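Student: this one's structure only:
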């Protein structure tokens, strides 16, 4: 199931995306059962997935159907409890940054102020001149997870989305730690959809790419991840309790701006399109 948060005028909805470029609003079919919050849906996903499927199969009312082109897609989870990111998780990306592949996952965090949605602007901070792009597969946690094994880990995955791990490289490396350079306002574009685990299948065999102004910058496959999704979830859960709606960005493949010669930094007017197989395309624009 491919879920989206969206608005039509002042009305907010969650819905299921159809192959024909349509979206069926679950909120319009039953707002009491499906308030416009994907995080709430995830928290009760076992019952709501079945109910949503039943409503869609029975749906005959055109008032719940919208063309995707006629709605505004919103960030699917605008206020997750945690946004956890994994750095240096593709070998070729390690090489382009001049860093050794890590022996264990390199973890840092973003905050909810960084979240923005599909077709929304990424804002270059006034105090940075070296802002970079990073296409990433993001895991959406479905159930509370604490001290889970790698063998159990996939049972705690609800689905997947796309994240652009925007990074102010000058701040990231000047500070000696990554927080300020990674979590400026709008530095975590996510979306456009959350796709359930069963529809995605193997998360370690998905093509992932980023185009900048129509030119391919990053082009890889998630089978090149150093640390797998189960390894990351198990590793994190030994230290922290993962909650429904938490986002885990799994790292970026090679091709980022700082790895190029000459280096390539984002500027006003740039357009970024990240495509991940079976999930969709996340588009964002750059402004000052």
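Tutor: Nice, thanks for sending it over. What you see is a predicted model; the values in this text were computed from it and never measured.
Student: every contact and neighbour count from this point should use C-alpha atoms.
Tutor: Will do.
Student: show me the shaky parts of this protein.
Tutor: Within the chain, the segments meeting pLDDT under 70 span 60-61.
Student: contacts for the top helix by length along it next, please.
Tutor: Counting by DSSP state H, the longest helix found in the chain is helix 45-58. Helix 45-58 is contacted from outside by 24, 26, 29, 41, 142, using C-alpha atoms under 8 Å, 6 or more residues apart in numbering.
Student: find the nearest non-adjacent residue to the second one, please.
Tutor: By that I understand residue 26. The spatial neighbour of residue 26 that comes closest, neighbours along the chain excluded (C-alpha to C-alpha, 6 or more residues apart in numbering), is residue 15 at 5.0 Å.
Student: sec struct for the one you found, please.
Tutor: strand (DSSP: H, G, I helix; E, B strand; the rest coil).
Student: hmm, it is touching residue 27, no?
Tutor: Yes. Using C-alpha atoms under 8 Å, residue 15 is in contact with residue 27, at 7.0 Å.
Student: compare those two (neighbour count), which wins?
Tutor: residue 15 (29 against 19; other C-alpha atoms under 10 Å).
Student: residue contacts, the more buried one?
Tutor: Counting by C-alpha under 8 Å, 6+ apart, residue 15 makes contact with 3-6, 23-27.
Student: and which of those is nearest residue 76?
Tutor: residue 5 (5.2 Å; C-alpha to C-alpha).
Student: doesn't residue 78 make contact with the closest one?
Tutor: No. With contact defined as C-alpha under 8 Å, residue 5 does not count as touching residue 78 (9.8 Å).
Student: so the two - more neighbours on which side?
Tutor: More crowded of residue 5 and residue 78, by other C-alpha under 10 Å: residue 5, with 26 against 20.
Student: pull the contacting residues for the closest residue to that one other than its chain neighbours.
Tutor: The shortest distance from residue 5 to any non-neighbouring residue, by C-alpha to C-alpha, 6+ apart, is to residue 14 (4.5 Å). Residues near residue 14 by C-alpha under 8 Å, 6+ apart: 3-6, 25-27, 34-38.
Student: taking the residues you listed one by one, which sit in strands?
Tutor: Residues of those located in strands (DSSP state E): 3-6, 25.
Student: from start to finish, how long is stretch 267-274 in a straight line?
Tutor: Taking C-alpha to C-alpha, to the nearest Å, stretch 267-274 runs 17 Å from one end to the other.
Student: from the middle of its chain, how far away would it be?
Tutor: Chain-centre distance of stretch 267-274: 17 Å, with C-alpha atoms, centre = their mean, to the nearest Å.
Student: also stretch 36-46?
Tutor: Centre-to-centre, stretch 36-46 and its host chain are 17 Å apart (C-alpha atoms, centre = their mean).
Student: check stretch 160-173 too.
Tutor: Centre-to-centre, stretch 160-173 and its host chain are 12 Å apart (C-alpha atoms, centre = their mean).
Student: just to revisit the earlier point, turn the ones in strands among the contacts of residue 14 into TSV, columns for distance to residue 255.
Tutor: As requested, those are arranged in TSV below (distance: C-alpha to C-alpha, whole Å):
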residue	distance to residue 255
3	29
4	29
5	30
6	31
25	38
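Student: got a markdown table for the contacts of residue 15, with distance to residue 161 too?
Tutor: Output for the contacts of residue 15, formatted as a markdown table (distance: C-alpha to C-alpha, whole Å):
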| residue | distance to residue 161 |
| --- | --- |
| 3 | 10 |
| 4 | 10 |
| 5 | 12 |
| 6 | 15 |
| 23 | 17 |
| 24 | 19 |
| 25 | 19 |
| 26 | 19 |
| 27 | 21 |
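Student: and the next element down the chain from the longest helix of the chain?
Tutor: Downstream of helix 45-58, the next assigned helix or strand under DSSP states H and E is strand 65-67.
Student: helices along the protein, start to end?
Tutor: Taking DSSP H as the criterion, the chain carries its helices at 26-29, 38-43, 45-58, 91-97, 169-175, 179-182, 197-200, 229-237.
Student: what's the second one packed up against?
Tutor: Judged by 3 or more C-alpha pairs under 8 Å, 6 or more residues apart in numbering; DSSP states H and E, the packing partners of helix 38-43 are strand 2-8.
Student: the first one now?
Tutor: Helix 26-29 sits against strand 11-17, helix 45-58, with contacts defined as 3+ C-alpha pairs under 8 Å, 6+ apart.
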